[in-house]
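>>> Provided below are the primary sequence and the corresponding predicted coordinates.
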There are 2 protein chains.
Amino acid sequence: MTRSGLRGVSRRRLLGWTGAGAALAGAGAVAGFAAGESAVDAPPDPSGGVVPFRGPHQAGIVTPAQDRLHFVALDLTTTDRRAVTSLLQRWTTAAERMAAGAEAAPGGAVNRNPEAPPSDTGEALGLPASALTITFGVGGSLLDKLGIPRPPELADLPPFQQDQLDPAFSGGDLCLQACANDPQVAVHAVRNLVRMGFGTTSVRWSQLGFGRTSSTSTAQQTHRNLFGFKDGTNNLKAEEGALLDEHVWVPPQQGPAWLTGGTYLVARRISMHVETWDRTSLAEQESLTGRTKGEGAPIGQAQEFDLPNLGPGSPIGADAHIRLASAQNNGGAKILRRGYNFVDGSDGLGHLNAGLFFVAFMRDPHRQFVPMQSQLARYDKMMEYIDHTGSAVFAVPPGLADGAFWGQSLLG
Amino acid sequence: MTRSGLRGVSRRRLLGWTGAGAALAGAGAVAGFAAGESAVDAPPDPSGGVVPFRGPHQAGIVTPAQDRLHFVALDLTTTDRRAVTSLLQRWTTAAERMAAGAEAAPGGAVNRNPEAPPSDTGEALGLPASALTITFGVGGSLLDKLGIPRPPELADLPPFQQDQLDPAFSGGDLCLQACANDPQVAVHAVRNLVRMGFGTTSVRWSQLGFGRTSSTSTAQQTHRNLFGFKDGTNNLKAEEGALLDEHVWVPPQQGPAWLTGGTYLVARRISMHVETWDRTSLAEQESLTGRTKGEGAPIGQAQEFDLPNLGPGSPIGADAHIRLASAQNNGGAKILRRGYNFVDGSDGLGHLNAGLFFVAFMRDPHRQFVPMQSQLARYDKMMEYIDHTGSAVFAVPPGLADGAFWGQSLLG
C-alpha cells in the first residue's frame, strides 16, 4: 500500500471539496474559511482529520494525543507590547488555518506575486491536517518583561535533587506545542510560526518527539516509553470531566482572570540511560516501575487497568515509581500527562541520546508537580537511570471564542 | 479514529495468528519463523506490513521508501575478526526477526527468567512491523582495521568546495539504516542492534529523519523537502530494472566479489538555512531549483513528470539545481536517492536546526556522486542556503540467501 493511499484529505483537495479556494486568496476570509472548511464533507481521514481550533479550552490538552510532537520555546526580542500583541494576532490566524489543513497565510506557498517570498514555506502542501493542534503558552519571564504580575502558580520551579538542567534547554518567554499524526505537519506549523515571529521572537529551544507516552482518552491504547514500559496508564482522561475541573483547569476563584479556564504546562526533558536500563534484570525493572513489563499491570494484579494495591501488605515497593507518583502519595494530586519519546542522535560517547520529553498539564504546578517530583527526585530508584536535563513552566490561556486571539485575555 | 484502529498487525497478534509463538521461545527457530511468519495470513496492514528481509538485494534500497528513518554509524571497538563475525551473525538473526514484526530475540521483552535482563528492550511491543527494513553497510575504515583491501570505489570522498563537515557526524566503520512507517519501530530496531554490539561496536553518530524526500517506486507520490519543493521526482525507481543494473548494483566484472549485487551508500547531512530561504522570492526559489514550487514541474513545462528542456533555448538556468544534478550534465550518471528531512532541535542562535539527510545508492560513488557534487558545490546557487555538515560512504553487500548473515561474503 502506498503512503498516498493512506492520506485522505490533502490541503488542495480540501479546498476543492469546499469550494473555499477562491475565498482563501483574499485577506479577511479566515473566519468564514474556518467555519466552512471543516472536514464534514470529506471522506474519513485516517491521518486524524481536523481538530477544532476554538472552544472553551485550547486544543492539544485533552484532545486525543497525536503520535508526533514539535515543541518550541521562544524568547521575546522586544518588550514592545503592541508588537507582541500584533504577533499573537497573526499567529492565531495562521495557526487556525494550519489546524484546518490549509497553508499558513492566503497565497500560500505559491503566491501570485513571484517577486515576493511565499507566504507559506510549502513543505506541507498536499498533506492532510493530520489532527494538528497548536497550543500556546506564556512563561513567567514574558510577564516580567511586559510588567504583568506573575500569578504565584507561575513562580519558577524549585531545584530538585539530582537536577542536571541545561539552561539552553530550559525556560522561555513563550511556547508553542504542535502535535500531529505526521511530523512534517507539526514541523511545518512550528516553522511557519517561528518565521512570522522574526523581529519579535527567537527560538530558545525546540524538541521533536514521537510515540506519545500517555493516552488522553479512554479510546486510546497506552503506548510505551523507551524503558519499554506502558506509560500513562493511570493518566487523567478527557472523559473524566469532573477530575479535569479539579486538577487541570484554572477555576475563576484561583485567578488570574486571564487564565480562567486555562491551565499550566510543565515540560521536563528527561534523558534516559537506556543502555544501563537494558542491562537491568526484568525483575528489577518491574520492581522499580511497580508494573509488569508485558501487560503493564500493577505488581500483584493481572490487567493493565486494575487498580494498584498501595495499602498494607502491598506487593509494590515503597520506592516503586508508580507508588511515589501516585495521587495517594501526593495528597490526592493528579496531573494530565501528554509526553513523547525522543532520540536526538547520539551523545558522542558511543550511546544514543534518548529519553522522554515529559509534558503535563495541571492547575497549579506548585501544589501538583512540585510535591510529586520532590518525592521522585528523593526516593525513586529510577532516578539512577534518568537525568532531568531541561525544565520549563508555562501558563496556557483558555480556549478562544470566535474572533479572539491567543493572549487576548492577557494583552488585549 | 483512534491510533489503535489504524494499527493492524501487532507483534503479539501476529504470533497468535501464525501459531509461531511457541517455536519462537526456542533458539534456532528463526529460519522457520522467518518463512512462516510473513503477513500472508494477516488482514491488510496500513502500517505497511512486512518487507521481506532476504533476497538478491538488501531491503531498504529499492523497496518502497518508508516515512521514517533512524540511521546509525558505528565504530568497531575491537579488531578481532571472530568477534565481528559473531556480532554480524547475531545482528542478522535479530534484524530478520524485527523486520517480521517480532522482538529482537527469543524471550523478548518479558523473558522467562526474571533475574536476567530482557532480551528485547520492549518499546515496540504491540506495534506492527510497519514495513521495517534494516540495511547494513561497511565503511572503508572497517576494511582497513581488519586488513581487507578497499575496493577503489570505497576510497574516501574528496573534499568539495564549501564543505563544512563535522568529523563527529562523518564516517563510521559500519552503518545500519532502519526505515519504517513508525519511528518507534525504527528506533527500537537500531537500539536493540546497538545494544547487542556493546563490546564490539559503539555508536559514532546517528540521525533521525521523517518525510522521505524521494520516491523509490512509481506508485509513490513525491514528497517535499524543507525548502517546500517536491524532491526526488526524477529519481531512479524500482520499476526501472535495467537502469538499476546500470547505475545501482555492483556487477560481477566490477568487483570485489563480496560486493557483487550490492551497492554503495553515500550519506550527506545537509543543513538548510530555512530562514534565509524563506525570505527569498518565489521566482528566485523556482529559478534556483529549476522547478515550480506548487506542481513541481520543470520550468517551462506543466506537469511534475514532464521532461525538463535542458537543450538550446531552455528556460532553465545554467546554474539551476536540476540542470547541474541532471544525468545530462554528469555523463549520464544517475543515482537512487532515499533521503529524509530532519529537524534536530535548534541551533542556539534563534533558529531551527533543519535540513535534509541525503542518502543515495549507486555502484560507484567516484563516478556518480563525486562529479555531480563537484558541479553542485561549484556552481549551484542553492549552496548559499545549505551546508554539508556530515559525510560518509559505505559498501552495502548484496542481499542474503537463506541461512546467510550480514557480511558473510566479506568475512565468512
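Right, received. Where do you want to start? Quantities reported herein were computed from a predicted structural model and do not represent experimental measurements.
>>> now A:Ala131: closest residue in space that isn't a chain neighbour?
A:Gly48 (2.9 Å; C-beta to C-beta, 6 or more residues apart in numbering or on different chains). Any C-beta I mention is one placed from the backbone N, CA and C, and that applies to glycine too.
>>> again, but for A:Ile61
Once flanking residues are discounted, A:Ile61 sits nearest to A:Phe361: 5.3 Å by C-beta to C-beta, 6+ apart.
>>> give me the mean pLDDT for the helix or strand the one you found falls within.
For A:Phe361, the element it lies in under DSSP states H and E is strand A:352-362. For strand A:352-362, the mean pLDDT works out to 96.
>>> that strand pairs with which strands, parallel or anti?
When pairing is defined by DSSP bridges, strand A:352-362 lines up against strand A:263-272 (antiparallel), strand A:336-337 (antiparallel), strand A:340-346 (antiparallel).
>>> now A:Thr389. Its backbone dihedrals?
Main-chain torsions, A:Thr389, degrees, to the nearest 10: phi -110, psi -10.
>>> does it touch A:Arg269 like I think?
Yes - counting by C-beta atoms under 8 Å, A:Arg269 is a contact partner of A:Thr389 at 5.0 Å.
>>> shared neighbours of these two, which are they?
Each of A:Phe169, A:Gly355 lies in contact with both A:Thr389 and A:Arg269 under the rule C-beta atoms under 8 Å, 6 or more residues apart in numbering or on different chains.
>>> and the strand holding A:Phe361, how far from the chain's centre?
Offset of strand A:352-362 from its chain centre (C-alpha atoms, centre = their mean, to the nearest Å): 10 Å.
>>> list the buried residues in it.
Of all the residues in strand A:352-362, those buried under the rule 16 or more other C-beta atoms under 10 Å in any protein chain shown are A:Leu352, A:Asn353, A:Ala354, A:Gly355, A:Leu356, A:Phe357, A:Phe358, A:Val359, A:Ala360, A:Phe361, A:Met362.
>>> for those residues, which one is nearest chain B?
Nearest to chain B among those is A:Leu352, at 6.2 Å by C-beta to the nearest C-beta.
>>> just to revisit the earlier point, tell me the SS of the residue nearest to A:Ala131?
Three-state assignment for A:Gly48 (DSSP: H, G, I helix; E, B strand; the rest coil): coil.
>>> touching, it and A:Gly101? I think so.
No - using C-beta under 8 Å, A:Gly48 is not in contact with A:Gly101, being 10.7 Å away.
>>> what touches both of those two?
What both A:Gly48 and A:Gly101 touch, as defined by C-beta under 8 Å, 6+ apart, is the set A:Ala129, A:Ser130.
>>> residues of the stretch 1-150 of chain A that sit close to chain B?
For the stretch 1-150 of chain A, the contact set with chain B under C-beta under 8 Å from any C-beta of the partner chain comprises A:1-4, A:6, A:44, A:46, A:48-49, A:64, A:67-68, A:70, A:72, A:109-111, A:113-118, A:120-126.
>>> and the buried residues of strand A:352-362, which is closest to B:Gly241?
B:Gly241 lies nearest to A:Leu352 out of the buried residues of strand A:352-362, by C-beta to C-beta, at 37.1 Å.
>>> how near is the residue of chain A positioned farthest from its centre to chain B?
For chain A, the residue at maximal distance from the C-alpha centroid (C-alpha atoms, centre = their mean) is A:Gly313, at 37.8 Å. Distance of A:Gly313 to chain B, computed by C-beta to the nearest C-beta, to the nearest Å: 21 Å.
>>> helices of chain A, start to end?
A:3-6, A:11-18, A:21-25, A:30-36, A:81-99, A:140-146, A:183-196, A:241-247, A:274-278, A:282-289, A:321-324, A:369-379, A:408-411 (DSSP state H).
>>> who has more neighbours, A:Thr389 and A:Arg269?
Comparing A:Thr389 with A:Arg269 by other C-beta atoms under 10 Å in any protein chain shown, the one with more neighbours is A:Arg269, at 24 against 18.
>>> not counting sequence-adjacent ones, nearest residue to that one?
Nearest non-adjacent residue to A:Arg269, counting by C-beta to C-beta, 6+ apart: A:Gly390, 3.2 Å away.
>>> surely the one you found touches A:Ala267?
Yes - the pair A:Gly390 / A:Ala267 is scored as a contact, 7.1 Å apart, by C-beta under 8 Å.
>>> and the stretch 301-412 of chain A, which residues reach chain B?
Taking C-beta under 8 Å from any C-beta as the contact definition, the stretch 301-412 of chain A meets chain B at A:Asn341, A:Val343, A:Asp344, A:Gly345, A:Ser346, A:Gly348, A:Gly350, A:His351, A:Leu352, A:Ala354.
>>> swap in 10 Å and give it another go.
The stretch 301-412 of chain A comes close to chain B at residues A:341-354, as judged by C-beta under 10 Å from any C-beta of the partner chain.
>>> PyMOL command for the buried members of the residues you listed?
Those of these that count as buried under 16+ other C-beta under 10 Å are selected in PyMOL with:
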select buried, chain A and resi 341+342+343+344+345+346+350+351+352+353+354
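>>> quick check, nearest of the residues of the stretch 301-412 of chain A next to chain B to chain B?
Using C-beta to the nearest C-beta, these come closest to chain B at A:Gly350, 3.2 Å.
>>> okay, now A:Glu172: neighbour count?
Careful, residue A:172 is Gly; it's not Glu. So A:Gly172, with other C-beta under 10 Å, has 27 neighbours.
>>> just the one 4 residues further on next, same as before
Residues near A:Leu176, counting by other C-beta under 10 Å, number 26.
>>> what of A:Gly197?
Number of residues near A:Gly197 (other C-beta under 10 Å) recorded here: 24.
>>> ok, it to B:Glu275 distance?
11 Å (C-beta to C-beta, to the nearest Å).
>>> joint contacts of these two?
Shared contacts of A:Gly197 and B:Glu275 (C-beta atoms under 10 Å, 6 or more residues apart in numbering or on different chains): A:Val203, B:Gly350.
>>> thinking again about what came up before, between the strands paired with strand A:352-362, which one is nearest to A:Lys381?
Smallest distance to A:Lys381 across these (C-beta to C-beta): 14.1 Å, for strand A:263-272.
>>> and that closest one, what's its mean pLDDT?
Across strand A:263-272, the average pLDDT comes to 98.
>>> before we move on, what about stretch A:185-204?
So the average pLDDT for stretch A:185-204 ends up being 97.
>>> check stretch A:126-133 too.
96.
>>> name the nearest residue to the closest residue to chain B within the stretch 201-350 of chain A, sequence neighbours excluded.
Among the residues of the stretch 201-350 of chain A, A:Gly228 lies closest to chain B, at 2.3 Å counting by C-beta to the nearest C-beta. Spatial nearest neighbour of A:Gly228, excluding adjacent residues (C-beta to C-beta, 6+ apart): B:Gly122 at 2.3 Å.
>>> quick check: the one you found touching A:Thr292?
No - applying C-beta atoms under 10 Å as the test, B:Gly122 and A:Thr292 come out as separate, 11.1 Å apart.
>>> which one of the two has more residues nearby?
Higher neighbour count among B:Gly122 and A:Thr292: B:Gly122, with 27 against 21, using other C-beta under 10 Å.
>>> quick check: the more buried one vs A:Thr233, distance?
15 Å.
>>> over to A:Gln184?
A:Gln184 sits 30 Å away from A:Thr233, going by C-beta to C-beta.
>>> more neighbours, these two?
A:Gln184 (23 against 18).
>>> what sits against the more buried one?
Neighbouring residues of A:Gln184 by C-beta under 10 Å, 6+ apart: A:68, A:70, A:123-124, A:127, A:130, B:67, B:210-212, B:223-224, B:226, B:341, B:343.
>>> for A:Met382, same thing?
Going by C-beta under 10 Å, 6+ apart, the list of residues near A:Met382 reads A:227, A:272, A:277, A:285, A:288-290, A:319-321, A:324-325, A:376.
>>> okay if I get the strands paired with strand A:352-362 as CSV plus distance to A:Ser281?
Formatted as CSV, those follow (distance: least, C-beta to C-beta, whole Å):
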stretch, distance to A:Ser281
strand A:263-272, 17
strand A:336-337, 27
strand A:340-346, 23
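>>> which of these sits closest to A:Leu87?
When these are compared by C-beta to C-beta, strand A:263-272 sits nearest A:Leu87, at 19.7 Å.
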